[in-house]
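Visitor: sequence and predicted structure are below.
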Amino acid sequence: MSLFPLALWEFSRALTLSDAGMGLFLLAPVVTGVVLLMAWMADRWLAGFGVVHALTCSVLVTGTAMAVPVVVSFLAPDAAPLPGGPNVNIPFLTGVISTLGLGAAMLSTRLPGARAPGTLPAVAVVFVLLLLLPVLSEAMRGHTAAERAGALIRGYGRPITVLDHPDWTLAAAHRTHQGLRLTYLDGDGAPLYVVTWDRASEGIDQGCDYPGTRCVRSGDTVAVHHSATEPAELRVAMGNGRIVSLSPGCGPGADLAAAADRLRPESPGERDLLAEALAPLPWR
(Lines give C-alpha, C1' and ligand atoms only; values in the text may rest on other atoms or scores of the structure.)
Protein backbone atom coordinates (compact mmCIF):
# COMPACT_ATOMS: atom_id res chain seq x y z
CA MET A 1 0.00 0.00 0.00
CA SER A 2 2.80 2.39 0.80
CA LEU A 3 4.12 2.13 -2.77
CA PHE A 4 0.84 3.49 -4.18
CA PRO A 5 1.53 7.14 -3.18
CA LEU A 6 5.00 6.88 -4.72
CA ALA A 7 3.60 5.59 -8.00
CA LEU A 8 0.90 8.26 -7.89
CA TRP A 9 3.46 10.99 -7.31
CA GLU A 10 5.66 9.84 -10.20
CA PHE A 11 2.66 9.54 -12.51
CA SER A 12 1.40 13.00 -11.54
CA ARG A 13 4.82 14.53 -12.15
CA ALA A 14 4.99 12.83 -15.55
CA LEU A 15 1.60 14.28 -16.48
CA THR A 16 2.70 17.75 -15.38
CA LEU A 17 5.94 17.60 -17.35
CA SER A 18 4.07 16.43 -20.45
CA ASP A 19 1.64 19.40 -20.28
CA ALA A 20 -1.20 17.04 -19.40
CA GLY A 21 -1.89 18.58 -16.01
CA MET A 22 -5.66 18.43 -16.53
CA GLY A 23 -5.34 14.68 -16.36
CA LEU A 24 -4.71 15.03 -12.64
CA PHE A 25 -8.39 15.83 -12.11
CA LEU A 26 -9.31 12.56 -13.79
CA LEU A 27 -7.12 10.75 -11.27
CA ALA A 28 -9.19 11.90 -8.29
CA PRO A 29 -11.91 9.22 -8.62
CA VAL A 30 -9.27 6.56 -9.27
CA VAL A 31 -7.25 7.57 -6.22
CA THR A 32 -10.35 7.62 -4.03
CA GLY A 33 -11.37 4.19 -5.25
CA VAL A 34 -7.92 2.71 -4.68
CA VAL A 35 -7.71 4.14 -1.16
CA LEU A 36 -11.13 2.72 -0.30
CA LEU A 37 -10.12 -0.61 -1.81
CA MET A 38 -6.96 -0.69 0.31
CA ALA A 39 -8.97 0.10 3.44
CA TRP A 40 -11.48 -2.64 2.64
CA MET A 41 -8.73 -5.20 1.99
CA ALA A 42 -7.02 -4.27 5.26
CA ASP A 43 -10.37 -4.57 7.05
CA ARG A 44 -10.96 -8.06 5.66
CA TRP A 45 -7.40 -9.12 6.46
CA LEU A 46 -7.52 -7.85 10.05
CA ALA A 47 -11.00 -9.28 10.62
CA GLY A 48 -9.71 -12.64 9.47
CA PHE A 49 -7.20 -12.54 12.33
CA GLY A 50 -9.93 -11.74 14.85
CA VAL A 51 -9.03 -8.08 15.43
CA VAL A 52 -11.85 -6.43 17.37
CA HIS A 53 -11.77 -2.96 15.82
CA ALA A 54 -10.93 -4.22 12.34
CA LEU A 55 -12.46 -1.30 10.41
CA THR A 56 -10.84 1.38 12.57
CA CYS A 57 -7.51 -0.39 12.46
CA SER A 58 -7.72 -0.80 8.69
CA VAL A 59 -8.32 2.94 8.29
CA LEU A 60 -5.31 3.58 10.53
CA VAL A 61 -3.08 1.21 8.55
CA THR A 62 -4.23 2.71 5.24
CA GLY A 63 -3.72 6.24 6.53
CA THR A 64 -0.24 5.32 7.72
CA ALA A 65 0.57 3.81 4.34
CA MET A 66 -0.51 7.07 2.70
CA ALA A 67 1.20 9.38 5.22
CA VAL A 68 4.64 7.77 5.47
CA PRO A 69 5.60 8.35 1.79
CA VAL A 70 4.49 11.99 2.02
CA VAL A 71 6.45 12.63 5.23
CA VAL A 72 9.55 10.84 3.93
CA SER A 73 9.45 12.56 0.54
CA PHE A 74 9.03 16.11 1.83
CA LEU A 75 10.27 16.17 5.44
CA ALA A 76 12.55 13.16 5.92
CA PRO A 77 14.32 12.31 2.64
CA ASP A 78 17.27 10.71 4.42
CA ALA A 79 15.22 8.40 6.64
CA ALA A 80 16.66 5.26 5.06
CA PRO A 81 17.64 2.62 7.64
CA LEU A 82 17.90 -0.04 4.92
CA PRO A 83 19.83 -0.05 1.64
CA GLY A 84 17.75 -0.02 -1.50
CA GLY A 85 16.25 3.46 -1.76
CA PRO A 86 12.68 4.66 -1.08
CA ASN A 87 11.04 1.63 -2.68
CA VAL A 88 12.49 -0.49 0.13
CA ASN A 89 12.59 1.93 3.04
CA ILE A 90 9.10 3.40 2.75
CA PRO A 91 7.35 -0.01 2.97
CA PHE A 92 9.71 -0.95 5.81
CA LEU A 93 8.97 2.24 7.77
CA THR A 94 5.26 1.86 7.08
CA GLY A 95 5.28 -1.69 8.39
CA VAL A 96 7.25 -0.76 11.51
CA ILE A 97 5.06 2.24 12.35
CA SER A 98 1.81 0.35 11.73
CA THR A 99 2.97 -2.65 13.74
CA LEU A 100 4.05 -0.52 16.69
CA GLY A 101 0.79 1.41 16.59
CA LEU A 102 -1.39 -1.70 16.53
CA GLY A 103 0.82 -3.30 19.16
CA ALA A 104 0.25 -0.31 21.46
CA ALA A 105 -3.51 -0.64 21.00
CA MET A 106 -3.36 -4.36 21.76
CA LEU A 107 -1.27 -3.87 24.91
CA SER A 108 -3.57 -1.14 26.17
CA THR A 109 -6.47 -3.60 26.26
CA ARG A 110 -4.53 -5.80 28.69
CA LEU A 111 -3.94 -3.15 31.31
CA PRO A 112 -5.61 -4.22 34.58
CA GLY A 113 -8.63 -2.15 35.48
CA ALA A 114 -8.20 0.15 32.53
CA ARG A 115 -11.08 1.23 30.36
CA ALA A 116 -10.63 -0.01 26.80
CA PRO A 117 -9.31 2.99 24.84
CA GLY A 118 -9.92 1.40 21.44
CA THR A 119 -7.48 2.52 18.77
CA LEU A 120 -6.52 5.81 20.43
CA PRO A 121 -3.13 4.43 21.60
CA ALA A 122 -2.41 3.29 18.06
CA VAL A 123 -3.25 6.71 16.65
CA ALA A 124 -1.02 8.39 19.25
CA VAL A 125 1.91 6.08 18.59
CA VAL A 126 1.63 6.46 14.80
CA PHE A 127 1.40 10.24 15.13
CA VAL A 128 4.48 10.44 17.34
CA LEU A 129 6.49 8.13 15.09
CA LEU A 130 5.59 10.21 12.04
CA LEU A 131 6.86 13.29 13.88
CA LEU A 132 10.10 11.46 14.65
CA LEU A 133 10.82 10.61 11.01
CA PRO A 134 12.46 14.03 10.32
CA VAL A 135 14.61 13.50 13.42
CA LEU A 136 15.67 10.11 12.06
CA SER A 137 16.39 11.71 8.70
CA GLU A 138 18.70 14.31 10.26
CA ALA A 139 20.50 11.62 12.23
CA MET A 140 20.96 9.49 9.11
CA ARG A 141 22.19 12.51 7.15
CA GLY A 142 24.77 13.27 9.84
CA HIS A 143 25.85 9.64 9.91
CA THR A 144 26.27 9.56 6.11
CA ALA A 145 28.21 12.83 6.13
CA ALA A 146 30.50 11.51 8.88
CA GLU A 147 31.15 8.30 6.93
CA ARG A 148 31.95 10.28 3.79
CA ALA A 149 34.24 12.68 5.66
CA GLY A 150 36.03 9.80 7.37
CA ALA A 151 36.65 8.16 4.00
CA LEU A 152 38.08 11.42 2.65
CA ILE A 153 40.48 11.72 5.57
CA ARG A 154 41.61 8.10 5.42
CA GLY A 155 42.06 8.17 1.65
CA TYR A 156 43.79 11.54 1.24
CA GLY A 157 47.03 11.02 -0.63
CA ARG A 158 49.13 13.75 1.00
CA PRO A 159 50.18 14.47 4.60
CA ILE A 160 47.36 16.24 6.44
CA THR A 161 47.92 19.34 8.55
CA VAL A 162 45.74 19.55 11.64
CA LEU A 163 44.88 22.31 14.08
CA ASP A 164 45.91 21.31 17.59
CA HIS A 165 44.12 23.92 19.71
CA PRO A 166 41.90 23.37 22.77
CA ASP A 167 39.40 26.03 21.64
CA TRP A 168 38.74 24.45 18.25
CA THR A 169 37.02 21.11 17.58
CA LEU A 170 37.09 19.19 14.31
CA ALA A 171 33.57 19.14 12.85
CA ALA A 172 33.72 18.24 9.15
CA ALA A 173 35.95 17.37 6.21
CA HIS A 174 35.39 18.18 2.54
CA ARG A 175 37.31 17.99 -0.71
CA THR A 176 37.71 21.36 -2.48
CA HIS A 177 39.50 22.54 -5.58
CA GLN A 178 42.47 23.44 -3.37
CA GLY A 179 42.73 20.21 -1.41
CA LEU A 180 41.39 18.67 1.80
CA ARG A 181 39.47 21.15 3.94
CA LEU A 182 38.99 20.45 7.64
CA THR A 183 36.34 22.52 9.39
CA TYR A 184 36.89 23.40 13.04
CA LEU A 185 34.34 25.02 15.35
CA ASP A 186 34.98 27.11 18.44
CA GLY A 187 32.80 27.18 21.54
CA ASP A 188 30.34 29.56 19.87
CA GLY A 189 30.03 27.45 16.73
CA ALA A 190 32.07 29.81 14.53
CA PRO A 191 33.94 27.89 11.80
CA LEU A 192 37.59 27.96 10.87
CA TYR A 193 38.70 26.24 7.68
CA VAL A 194 42.10 24.56 7.44
CA VAL A 195 42.97 23.47 3.89
CA THR A 196 45.89 21.23 3.03
CA TRP A 197 46.78 22.18 -0.53
CA ASP A 198 47.04 19.67 -3.35
CA ARG A 199 48.93 22.03 -5.68
CA ALA A 200 51.62 23.34 -3.36
CA SER A 201 54.06 23.33 -6.28
CA GLU A 202 52.30 26.40 -7.74
CA GLY A 203 53.62 28.45 -4.86
CA ILE A 204 52.21 30.19 -1.83
CA ASP A 205 51.60 33.41 -3.84
CA GLN A 206 49.22 31.91 -6.37
CA GLY A 207 46.20 34.11 -7.01
CA CYS A 208 47.81 37.19 -5.50
CA ASP A 209 47.79 38.90 -8.90
CA TYR A 210 44.00 38.79 -9.14
CA PRO A 211 42.24 42.19 -9.30
CA GLY A 212 41.16 43.35 -5.85
CA THR A 213 43.50 40.93 -4.09
CA ARG A 214 46.37 42.15 -1.93
CA CYS A 215 48.88 39.77 -0.38
CA VAL A 216 51.20 40.61 2.50
CA ARG A 217 54.11 38.26 3.00
CA SER A 218 55.84 37.80 6.35
CA GLY A 219 58.36 35.00 6.58
CA ASP A 220 56.64 31.71 5.82
CA THR A 221 53.13 33.19 5.85
CA VAL A 222 51.09 35.16 3.33
CA ALA A 223 48.03 37.14 4.43
CA VAL A 224 45.50 37.47 1.61
CA HIS A 225 43.29 40.57 1.72
CA HIS A 226 40.32 41.37 -0.48
CA SER A 227 38.37 44.38 0.72
CA ALA A 228 38.33 44.02 4.50
CA THR A 229 41.08 45.14 6.84
CA GLU A 230 41.41 41.70 8.35
CA PRO A 231 42.88 39.03 6.07
CA ALA A 232 40.39 36.73 4.40
CA GLU A 233 42.99 33.95 4.27
CA LEU A 234 46.30 33.14 5.88
CA ARG A 235 48.64 30.80 4.04
CA VAL A 236 51.42 28.99 5.82
CA ALA A 237 54.40 27.17 4.30
CA MET A 238 54.84 24.11 6.51
CA GLY A 239 58.07 22.87 4.96
CA ASN A 240 58.73 19.88 2.69
CA GLY A 241 56.69 21.59 -0.02
CA ARG A 242 53.48 21.65 2.02
CA ILE A 243 51.16 24.68 2.10
CA VAL A 244 48.17 25.15 4.40
CA SER A 245 45.61 27.94 4.33
CA LEU A 246 43.35 29.14 7.13
CA SER A 247 40.19 31.16 6.59
CA PRO A 248 37.30 32.09 8.88
CA GLY A 249 33.64 31.58 8.16
CA CYS A 250 31.04 34.34 7.99
CA GLY A 251 30.97 36.90 10.78
CA PRO A 252 33.85 38.19 12.87
CA GLY A 253 37.17 36.73 11.79
CA ALA A 254 39.11 34.39 14.00
CA ASP A 255 42.65 35.11 15.08
CA LEU A 256 44.30 33.41 12.12
CA ALA A 257 47.84 34.16 13.29
CA ALA A 258 47.21 32.53 16.68
CA ALA A 259 45.60 29.51 15.01
CA ALA A 260 48.51 29.20 12.57
CA ASP A 261 50.89 28.78 15.50
CA ARG A 262 48.99 25.63 16.50
CA LEU A 263 49.16 23.91 13.12
CA ARG A 264 51.11 20.68 12.95
CA PRO A 265 51.45 17.68 10.63
CA GLU A 266 49.39 14.60 11.39
CA SER A 267 50.88 11.98 13.68
CA PRO A 268 51.27 8.33 12.59
CA GLY A 269 47.91 6.58 12.91
CA GLU A 270 46.06 9.83 13.64
CA ARG A 271 43.79 9.64 10.62
CA ASP A 272 41.58 7.04 12.26
CA LEU A 273 41.24 9.29 15.30
CA LEU A 274 40.32 12.24 13.09
CA ALA A 275 37.69 10.19 11.27
CA GLU A 276 36.21 8.90 14.53
CA ALA A 277 36.08 12.44 15.92
CA LEU A 278 33.58 13.32 13.18
CA ALA A 279 31.08 10.62 14.17
CA PRO A 280 27.87 12.31 15.37
CA LEU A 281 26.07 9.09 16.36
CA PRO A 282 26.63 6.87 19.38
CA TRP A 283 26.36 3.61 17.40
CA ARG A 284 29.41 4.35 15.20
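Guide: Everything's here; your move.
Visitor: so which helix or strand takes in residue 172?
Guide: strand 169-175 (DSSP states H and E).
Visitor: avg pLDDT for that strand?
Guide: The average of the pLDDT scores along strand 169-175 is 91.
Visitor: in its sheet, what does it sit against?
Guide: Strand pairing for strand 169-175, determined by DSSP bridges: strand 179-185 (antiparallel).
Visitor: run the chain-centre distance for the partner strand.
Guide: Distance of strand 179-185 from the chain centroid (C-alpha atoms, centre = their mean, to the nearest Å) equals 18 Å.
Visitor: repeat for stretch 67-78
Guide: Computed by C-alpha atoms, centre = their mean, the chain-centroid distance of stretch 67-78 equals 14 Å.
Visitor: stretch 262-272 now?
Guide: That offset, for stretch 262-272, works out to 27 Å (C-alpha atoms, centre = their mean).
Visitor: what sits up against that stretch?
Guide: If you take C-beta atoms under 8 Å, 6 or more residues apart in numbering as the criterion, stretch 262-272 is touched by 153-154, 156, 159-165, 194, 236, 238, 242, 244, 246, 274. The C-beta positions use only the backbone N, C-alpha and C, and glycine is treated the same way.
Visitor: would you write a ChimeraX line that selects the buried entries of those residues?
Guide: A single ChimeraX command selects the buried members of the contacts of stretch 262-272 (16 or more other C-beta atoms under 10 Å):
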select :153,156,160,161,162,163,194,236,238,242,244,246,274
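Visitor: just the ones of the contacts of stretch 262-272 in helices?
Guide: Under the assignment DSSP state H, those contribute 153-154, 274 to helices.
Visitor: let me have those in CSV, extended by distance to residue 138 and pLDDT.
Guide: Output for the ones in helices among the contacts of stretch 262-272, formatted as CSV (distance: C-beta to C-beta, whole Å; pLDDT from 0 to 100):
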residue, distance to residue 138, pLDDT
153, 22, 92
154, 25, 91
274, 23, 91
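Visitor: redo these as JSON lines? Include distance to residue 83.
Guide: Shown next, in JSON lines, are the ones in helices among the contacts of stretch 262-272 (distance: C-beta to C-beta, whole Å):
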{"residue": "153", "distance to residue 83": "24"}
{"residue": "154", "distance to residue 83": "22"}
{"residue": "274", "distance to residue 83": "27"}
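Visitor: just to revisit the earlier point, ok now the strand holding residue 172, how far from the chain's centre?
Guide: Chain-centre distance of strand 169-175: 15 Å, with C-alpha atoms, centre = their mean.
Visitor: which strands or helices does the strand or helix carrying residue 234 pack on?
Guide: Element membership for residue 234, per DSSP H and E: strand 233-239. Contacts defined by 3 or more C-beta pairs under 8 Å, 6 or more residues apart in numbering; DSSP states H and E place strand 233-239 against strand 221-225, strand 242-248, helix 256-260, strand 263-265.
Visitor: now tabulate the ones you listed in TSV and tack on distance to residue 175 and mean pLDDT.
Guide: TSV is the format used below for these (distance: least, C-beta to C-beta, whole Å; pLDDT from 0 to 100):
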stretch	distance to residue 175	mean pLDDT
strand 221-225	21	91
strand 242-248	15	91
helix 256-260	21	89
strand 263-265	19	93
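Visitor: out of the ones you listed, which comes closest to residue 138?
Guide: Residue 138 lies closest to strand 242-248 among these, at 26.1 Å (C-beta to C-beta).
Visitor: how about residues contacting that closest one?
Guide: Strand 242-248 has contacts (C-beta under 8 Å, 6+ apart) with 158-159, 161, 178, 190-197, 200, 204, 232-238, 254, 256, 259-260, 263, 265.
Visitor: tell me the buried residues within those residues.
Guide: 161, 178, 190-197, 200, 204, 233-238, 254, 256, 259-260, 263.
Visitor: poorly predicted segments of the stretch 151-284 of the chain, please.
Guide: Where the stretch 151-284 of the chain drops to pLDDT under 70, the residues are 228, 250-253, 279-284.
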